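> 3D, please:
(2 chains)
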There are 2 protein chains.
Amino acid sequence: AISDLVNGGGKRLRPLLVNLAAMFGDYEQEKMIKLSTGLEIIHMATLVHDDIIDEAVLRRGESAAQEKFGKDTAVFIGDYLLSRTFNIFIEILAHQSLLKLSKTVRLICEGEIGQYQKKFDFDITISEYLKRIRRKTALLFGFSTYLGAYESGLRNNNLHHLYNVGLELGMAFQIQDDILDFTGNKEIAGKNVGQDLKAGVYTLPLIFLLRDKQYQGRIIRILEKDDPEQKDINLIINLVREKGIENSRNLMIKFLEKVNNHLAPLPEIKAKKDIIDIIESQLDRKY
Amino acid sequence: AISDLVNGGGKRLRPLLVNLAAMFGDYEQEKMIKLSTGLEIIHMATLVHDDIIDEAVLRRGESAAQEKFGKDTAVFIGDYLLSRTFNIFIEILAHQSLLKLSKTVRLICEGEIGQYQKKFDFDITISEYLKRIRRKTALLFGFSTYLGAYESGLRNNNLHHLYNVGLELGMAFQIQDDILDFTGNKEIAGKNVGQDLKAGVYTLPLIFLLRDKQYQGRIIRILEKDDPEQKDINLIINLVREKGIENSRNLMIKFLEKVNNHLAPLPEIKAKKDIIDIIESQLDRKY
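Sure thing, here's the model as predicted:
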């Protein structure tokens, strides 16, 4: 089951961020390979447990672990991956970084619990959404750049800016993911369109409509149904595509601007150009 | 959900062992309260995830978390408890103890996976069973006494013996638990009789019968049924009560003797008498 996960690919953005951030300091390849592997494994562990909760059928174009091996095995896979990650990190990390790691993992858990508690809640606000994705996604992005930077000897301003580069990029990344849940193509995105919507996870593009007096009535009437038909779901998807995407995209761009602002004071090295490439690729990412 | 777990009670044997072992060294109450809390929380986290796998209905006489709140919430509860424990331990533990902790958690996971893989396997041997319960239960008992002793300044022989006191007591404890799955009384044990059996987890009392040519045929014919009736289950339970308990009890007593052997060279303090009381209470524990 774990080989499936490893071979399933993924963008490997978090390991990339660890390494790019590290290049602003004294880059030690061997150490960074271990750290970035650890971070990708934490990410995998959270994906596997997420997919249990969301009853996801597809992940990265393949059957999700919980679908293929059952929820039971998926529980173990996540636990095992998490325990292996702690093994790796405890072996190589300084006390300070370990504290930050364990705090990050705790907050990720709290983010997931928060998302679960807000399921099927039409009244969710944009600020609640932003708080949720901060915990669910952005903190681990931020921890990636922080870890690469800190463990390569960076402190103070450069460390602060690199941490925020990761954090704000994570916010933009999750918003784009949530846009793709409505606009994406199943074949390219590797997961079913409207998957979050059906699971009751209401994300930014829908929240914009739910806060809009003109549409909220129609949408809530559909969402209130016990078992909405696919044509109801499609109706919402189409409405969101027309009316919810642009606002979401604008907010995503605001976060990318924050990334740029934190990037500006950093030295002009190759890694900086690579991060700018990542920012630009966010804008029209399809999966 | 977490309050339920805390208020649900339990024997709190692991925290007790941390503290008793610590009393052989320089006992610091404040520190030991934190460490023993952390260990009990790890134990709770594994119970919650275990109950998902085993589809347990009862835990400590109350609805198991997975039954009461659903598998989804139970996944989060376990993750959250585990992440909080790492928080506590990273704050107060020395590097050496952290390494041992993360290795222990990894082996517990592997023990659970091993148990899952051996589900419904009639060919399981006694030595496979012992290896499984070592990982699933005994290692955390051993880690409890080790941690209390190590963090109270003990090294070498005394540390070695206290670690083994915990480890072997854990073996005996799990065998007694597995005996109670057959002989126990639902009201006293706080879980359904034959729960493991129905979940396909074959434990020592049944394994003794499965290795016995005289009974294996009858038992396997029942276990091979897709959906055995309660009267079939009762038949196995009665057969095990008659023929599998005595051997199991004798093996448990062997492990208690090992505990005694490791206890013997330790100094004669009050904590030693308390451990002897725990050993004696194992012999006729009903829950």
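
> got the residues of the stretch 1-150 of chain A near chain B?
Proximity of the stretch 1-150 of chain A to chain B, by Cβ under 8 Å from any Cβ of the partner chain, involves residues A:49, A:52-53, A:71-73, A:75-76, A:78-80, A:82-84, A:86-87, A:90-91, A:95, A:98-99, A:102-103, A:105-106, A:108-110, A:112-113, A:116. All C-beta spots, glycine's among them, are computed from the backbone N, C-alpha and C.

> Please indicate which of those residues are buried?
Buried residues within the residues of the stretch 1-150 of chain A next to chain B, counting neighbours by 16 or more other Cβ atoms under 10 Å in any protein chain shown: A:49, A:52-53, A:71-73, A:75-76, A:78-80, A:82-84, A:86-87, A:90, A:98, A:102-103, A:105-106, A:108-110, A:112-113, A:116.

> Output the longest helix belonging to chain A.
helix A:156-183 (DSSP state H).

> buried set for that one?
A:158-159, A:161-183.

> Does that helix pack against any helices or strands, and if so which?
Judged by 3 or more Cβ pairs under 8 Å, 6 or more residues apart in numbering or on different chains; DSSP states H and E, helix A:156-183 is in contact with helix A:13-22, helix A:126-133, helix A:139-150, helix A:195-198, helix A:204-210, helix A:230-243, helix A:245-263, helix A:270-283.

> The same query, at a cut-off of 7 Å, please.
Using 3 or more Cβ pairs under 7 Å, 6 or more residues apart in numbering or on different chains; DSSP states H and E, the elements in contact with helix A:156-183 are helix A:139-150, helix A:195-198, helix A:204-210, helix A:230-243, helix A:245-263, helix A:270-283.

> could those go into JSON lines alongside mean pLDDT, mean neighbour count and distance to B:Ile219?
As requested, the helices and strands packed on helix A:156-183 are exported to JSON lines (pLDDT from 0 to 100; neighbours: other Cβ atoms under 10 Å in any protein chain shown; distance: least, Cβ to Cβ, whole Å):
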{"stretch": "helix A:139-150", "mean pLDDT": "97", "mean neighbour count": "27", "distance to B:Ile219": "49"}
{"stretch": "helix A:195-198", "mean pLDDT": "82", "mean neighbour count": "19", "distance to B:Ile219": "45"}
{"stretch": "helix A:204-210", "mean pLDDT": "95", "mean neighbour count": "23", "distance to B:Ile219": "55"}
{"stretch": "helix A:230-243", "mean pLDDT": "90", "mean neighbour count": "15", "distance to B:Ile219": "49"}
{"stretch": "helix A:245-263", "mean pLDDT": "97", "mean neighbour count": "17", "distance to B:Ile219": "61"}
{"stretch": "helix A:270-283", "mean pLDDT": "94", "mean neighbour count": "15", "distance to B:Ile219": "60"}
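
> C-alpha coordinates for stretch A:134-141, CSV please?
Extracted C-alpha coordinates of stretch A:134-141, given in CSV (Å, rounded to 0.1, in the frame of the first residue of the first chain):
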residue,chain,number,x,y,z
ARG,A,134,-3.9,27.8,7.0
ARG,A,135,-3.8,24.8,9.3
LYS,A,136,-4.7,22.2,6.8
THR,A,137,-2.1,23.2,4.2
ALA,A,138,-0.2,26.4,4.6
LEU,A,139,1.5,25.5,7.9
LEU,A,140,3.2,22.5,6.4
PHE,A,141,4.3,24.6,3.4
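
> Outside of that stretch itself, list whatever touches it.
A:14, A:17, A:42-43, A:104, A:107-108, A:110-112, A:114-115, A:166-167, A:169-171, A:173-174 (Cβ atoms under 7 Å, 6 or more residues apart in numbering or on different chains).

> can you rerun that using 6 Å?
A:104, A:107, A:110-111, A:166-167, A:169-171, A:174 (Cβ atoms under 6 Å, 6 or more residues apart in numbering or on different chains).

> Can you name the two of these that sit furthest apart?
Farthest pair in the contacts of stretch A:134-141 (Cβ to Cβ) is A:Glu110 and A:Leu169. Separation: 21.1 Å.

> mind listing which of the residues of the stretch 1-150 of chain A next to chain B are in helices?
A:49, A:52-53, A:71-73, A:75-76, A:78-80, A:82-84, A:86-87, A:90-91, A:95, A:98-99, A:102-103, A:105-106, A:108-110, A:112-113, A:116.

> Pull the distance from the longest helix of chain A to the chain's centre.
8 Å (Cα atoms, centre = their mean, to the nearest Å).

> for the record, mean pLDDT for that helix?
For helix A:156-183, the mean pLDDT works out to 96.

> thinking again about what came up before, any chance of the helices and strands packed on helix A:156-183 in TSV, with distance to A:Glu67 too?
Listed next are the helices and strands packed on helix A:156-183 as TSV, based on distance: least, Cβ to Cβ, whole Å:
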stretch	distance to A:Glu67
helix A:139-150	24
helix A:195-198	12
helix A:204-210	24
helix A:230-243	19
helix A:245-263	28
helix A:270-283	28
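
> and the nearest residue to A:Glu62 once chain neighbours are set aside, backbone torsions?
Distances taken as Cβ to Cβ, 6 or more residues apart in numbering or on different chains place A:Gly8 nearest to A:Glu62, at 5.4 Å, with adjacent residues excluded. When quoted as degrees, to the nearest 10, the phi and psi of A:Gly8 stand at phi -70, psi -10.

> out of the helices and strands packed on helix A:156-183, which comes closest to B:Arg249?
Across the helices and strands packed on helix A:156-183, closest to B:Arg249 is helix A:139-150 (Cβ to Cβ), at 49.7 Å.

> Could you check how far the closest one is from the centre of its chain?
14 Å.

> And the pLDDT at the closest residue to A:Asp79 other than its chain neighbours?
Closest residue in space to A:Asp79, ignoring its immediate chain neighbours: B:Cys109 at 5.0 Å, by Cβ to Cβ, 6+ apart. With respect to pLDDT, B:Cys109 scores 86.

> for A:Arg59, same thing?
68.

> for A:Ala74, same thing?
87.

> Thought A:Ile52 was touching it, still the case?
Yes. Shown here, A:Ala74 and A:Ile52 form a contact pair, counting by Cβ atoms under 6 Å, at 5.1 Å.

> got any residues that touch both of the two?
In contact with both A:Ala74 and A:Ile52: A:Gln66, using Cβ under 6 Å, 6+ apart.

> Run the angle between the longest helix of chain A and helix A:13-22 for me.
160 degrees (axes from the mean of the first three to the mean of the last three Cα atoms, to 10 degrees).

> what angle sits between helix A:156-183 and helix A:245-263?
Using the same axes, to 10 degrees: helix A:156-183 against helix A:245-263 is 160 degrees.

> Now do A:Tyr80 against B:Gly78, distance only.
13 Å (Cβ to Cβ, to the nearest Å).

> element containing A:Thr37?
Using DSSP states H and E, the element containing A:Thr37 is helix A:29-54.

> That helix packs against which elements?
On a contact count with 3 or more Cβ pairs under 6 Å, 6 or more residues apart in numbering or on different chains; DSSP states H and E, helix A:29-54 meets helix A:13-22, helix A:65-68, helix A:71-92, helix B:71-92.
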